[in-house]
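Colleague: sequence plus the predicted model coming up.
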Amino acid sequence: MNLADRKLAFIKEHLEAGRTVYVQTHLRTWKLSKKHADMVKVSGSSLYMQNGKSWDCIDYCKLSAN
């Protein structure tokens, strides 16, 4: 299991528990709830989040849950 898989497991675990997951860059924060669980995926060894019709790499973003 690589780092992207562990991050995805962290996100899915907290979303299923009803918590809010925050994906943070230096300038922006995205707030994910349970309905956003299908907007995050692993491809190869990278973690991606859906942004409209495209997918943005979130490998270097800070993840936290509340």
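Modeller: Ah, there it is. This one's a predicted model, so the numbers in the text were calculated from it and none came from an experiment.
Colleague: and the pLDDT at the nearest residue to residue 21 once chain neighbours are set aside?
Modeller: Among residues not flanking residue 21 along the chain, residue 32 sits closest, at 4.4 Å (CB to CB, 6 or more residues apart in numbering). Using the backbone N, CA and C atoms, a C-beta is placed for each residue, glycine as well. You'll see residue 32 listed with a pLDDT of 96.
Colleague: now for residue 32: which residues touch it?
Modeller: Neighbouring residues of residue 32 by CB atoms under 8 Å, 6 or more residues apart in numbering: 11, 15, 20-23, 39-40.
Colleague: tell me how far residue 32 lies from residue 58.
Modeller: 11 Å (CB to CB, to the nearest Å).
Colleague: need the overlap of contacts for the two.
Modeller: Residues touching both residue 32 and residue 58 (CB under 8 Å, 6+ apart): 23, 40.
Colleague: any idea how far the longest strand that the chain contains is from the chain center?
Modeller: Scanning the chain for the strand with the most residues, using DSSP state E, yields strand 46-51. The chain centroid and the centroid of strand 46-51 are separated by 7 Å, computed with CA atoms, centre = their mean, to the nearest Å.
Colleague: restricted to buried residues, select the contacts of residue 32 in ChimeraX.
Modeller: Selection of the buried residues among the contacts of residue 32 in ChimeraX, burial being defined by 16 or more other CB atoms under 10 Å:
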select :11,15,21,23,40
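Colleague: can you flag which of the contacts of residue 32 belong to helices?
Modeller: Mapping the contacts of residue 32 onto helices (DSSP state H) picks out 11, 15.
Colleague: in the sheet, who's paired with residue 55?
Modeller: Taking DSSP bridges as the rule, residue 55 bridges to residue 50.
Colleague: please consider this matter closed, and thank you.
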